[in-house]
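Enquirer: give me a 3D structure for the following:
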Amino acid sequence: MSLAFADRNIAAQPSIAACVRDVTQKELPQLVDAIDKGSLYPADFLRAIGAAGAFAGHTKADASVDLNPTIDAMSEVSEVCGATGFMTWCQDTLVWYIANTENDELKSALLAKTASGAQLGGTGLSNPMKSFFGIEKLKLKGKRVDGGYSVSGALPWVSNLGDDHMFGTIFEREDGEKVMFIADCANPNIDLLPCDPFLAMDGTGTYGIHFKDAFVPDSLVLAHAAMPFVKKIRAGFILLQAGMAVGVTRDCISIMERTKSSLGHVNKFLNMQQPEDFTQSLMTLDKEVRDLASMPYETSASFWRRVVQARLDAGDLTMAAAHATMLHTGARGYLMSNRAQRRMREAYFVGIVTPATKQLHKMLAEMND
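Expert: The predicted model follows:
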């Protein structure tokens, strides 16, 4: 197991993770309750960890890129607050898209700003990713106009947004070609619509998005042919989510460990649900994710299968650890002031965020066909 996942020896961690951990431990704990209740979207905190390098570890779009520093930084945030870890992933994916575009004008204008956290935003690939695997139909449609495209349609949920934010998504042209682009929430023809309250994640800047003949200039097009671009960035998109899973799981283990002094005499009867069991599973996940994240541009079918399986394993581990944490804490875990119940809600989100557990199973099954 790496030190980033185990004994928390900061001197041995990548410098990005160390810096992000320092900011997180100082600033995030006092914000968690407000974020969880949906009364705060932590834009200032996101900018602070951006200044500490949280989003800048994966800006090189070449064979030398390693996603592990970014995943480690995200896990530091997620260990304190899973919702904020999710927002960190949203920002990281936006950086990942921009880093990989061949549109030099777009990259020059936005890569440094998004990587530093000066420009915040997210990802609108939930619907497109589902559409590629026959789960939903693509919801955005576009047509070519002078200097760009006119886009209409609606996305039900996009996160880490505000009136001055941006996000990456995909529309379908009249000829069937898919185009990936950056949507600017300041566009007057793009509306952000409040969502009904969630079980968790209300503080994540999540909105329904409505496009009504919104003009998207060529300067904001990531790829006029989206499918080859998606194939290039898909492994990174999925592997980065490991940061959420690792951070939440790590805190679940910590909570279980702390119950030993008062409840260890009875919790020992929870067979195969001890913190030591989850630590061993996390070590196994750590090794696999670190290997995969060191080569996100690998194109082999076997590599892609490993990515999908690792993402499935990460979600399953997080949900199992949160379930065990509730059993270990007992009735006190039901107190709204106890973070065990928050971890349970956040863990289920890891299981349903795109690609969700059921989609991952579908993807693996289709690989066997």
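
Enquirer: next SSE downstream of the helix or strand harbouring F278?
Expert: With elements delineated by DSSP states H and E, F278 resides in helix 275-293, which encompasses its position. Counting by DSSP H and E, the next helix or strand C-terminal to helix 275-293 is helix 301-329.

Enquirer: please list the residues outside the helix or strand following that next one that contact it.
Expert: Remark: after helix 301-329, the chain's next helix or strand is helix 339-352, criterion DSSP H and E. Judged by CB atoms under 8 Å, 6 or more residues apart in numbering, the contacts made with helix 339-352 from elsewhere in the structure are 32, 36, 82-83, 86, 199-201, 241, 244-245, 248-249, 251-252, 255, 314-316, 318-319, 321-323, 325-326, 328-329, 332-335, 357. The C-beta positions use only the backbone N, C-alpha and C, and glycine is treated the same way.

Enquirer: PyMOL command for the buried members of those?
Expert: Only the buried entries of these go into this PyMOL selection, using 16 or more other CB atoms under 10 Å:
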select buried, resi 32+36+82+83+86+200+201+241+244+245+248+249+251+252+255+314+315+316+318+319+321+322+323+325+326+328+329+333+357
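
Enquirer: on that earlier part again, now the helix holding F278 against helix 301-329, angle please.
Expert: Note on geometry: by axes from the mean of the first three to the mean of the last three CA atoms, to 10 degrees, helix 275-293 and helix 301-329 are set 160 degrees apart in direction.

Enquirer: mind checking pLDDT for the closest residue in space to T329 that isn't next to it in sequence?
Expert: Ranked by CB to CB, 6 or more residues apart in numbering and with sequence neighbours excluded, the top spatial neighbour of T329 is A340, at 4.4 Å. Listed pLDDT for A340 reads 96.

Enquirer: cool, the one 4 residues further on as well?
Expert: Here the pLDDT value assigned to M344 is 96.

Enquirer: burial count for it?
Expert: Burial measure for M344: 21 neighbouring residues, criterion other CB atoms under 10 Å.

Enquirer: what's the spacing between it and Y297?
Expert: Distance check for M344 against Y297: by CB to CB, to the nearest Å, it reads 36 Å.

Enquirer: for K212, same thing?
Expert: Counting by CB to CB, the gap from K212 to Y297 is 37 Å.

Enquirer: about what we covered before: give me the neighbour count for the residue nearest to T329.
Expert: What A340 shows, counting by other CB under 10 Å, is a neighbour count of 22.

Enquirer: now the one 3 residues further on
Expert: Using other CB under 10 Å, the number of residues around R343 comes to 25.

Enquirer: what's the closest non-adjacent residue to it?
Expert: Residue nearest to R343 in three dimensions, not counting chain neighbours: A322, with 5.0 Å by CB to CB, 6+ apart.

Enquirer: my guess is the one you found contacts V248, does it?
Expert: Yes. Counting by CB atoms under 8 Å, a contact exists between A322 and V248, whose distance comes to 7.0 Å.

Enquirer: list the contacts of stretch 102-119.
Expert: Outside stretch 102-119, the residues touching it (CB under 8 Å, 6+ apart) are 46-51, 54-56, 59, 91, 94-95, 98-99, 101, 120-121, 165-166, 182, 218-223.

Enquirer: ok, now stretch 229-240?
Expert: The list of residues contacting stretch 229-240 from outside it, by CB under 8 Å, 6+ apart, reads 58, 67, 70-71, 74, 89, 92-93, 96-97, 100-101, 123, 125, 128, 132, 170, 180, 222-223, 289, 292-293, 296-299, 303-304, 307-308, 310-311, 355.

Enquirer: one more time with 6 Å, if that's ok
Expert: 67, 89, 92-93, 96, 100, 180, 223, 292-293, 296, 307, 311 (CB atoms under 6 Å, 6 or more residues apart in numbering).

Enquirer: out of those residues, who's nearest C195?
Expert: Distance to C195, by CB to CB, is smallest for W89 among these, at 18.5 Å.

Enquirer: for the closest one, what are its contacts?
Expert: Remark: with contacts taken as CB under 6 Å, 6+ apart, W89 is in contact with 240-241, 244.

Enquirer: let's go with 8 Å and repeat that
Expert: W89 makes contact with 74, 240-241, 243-244 under the criterion CB under 8 Å, 6+ apart.

Enquirer: distance of it relative to P275?
Expert: Applying CB to CB, the value for W89 to P275 is 25 Å.

Enquirer: cool, thanks, signing off.
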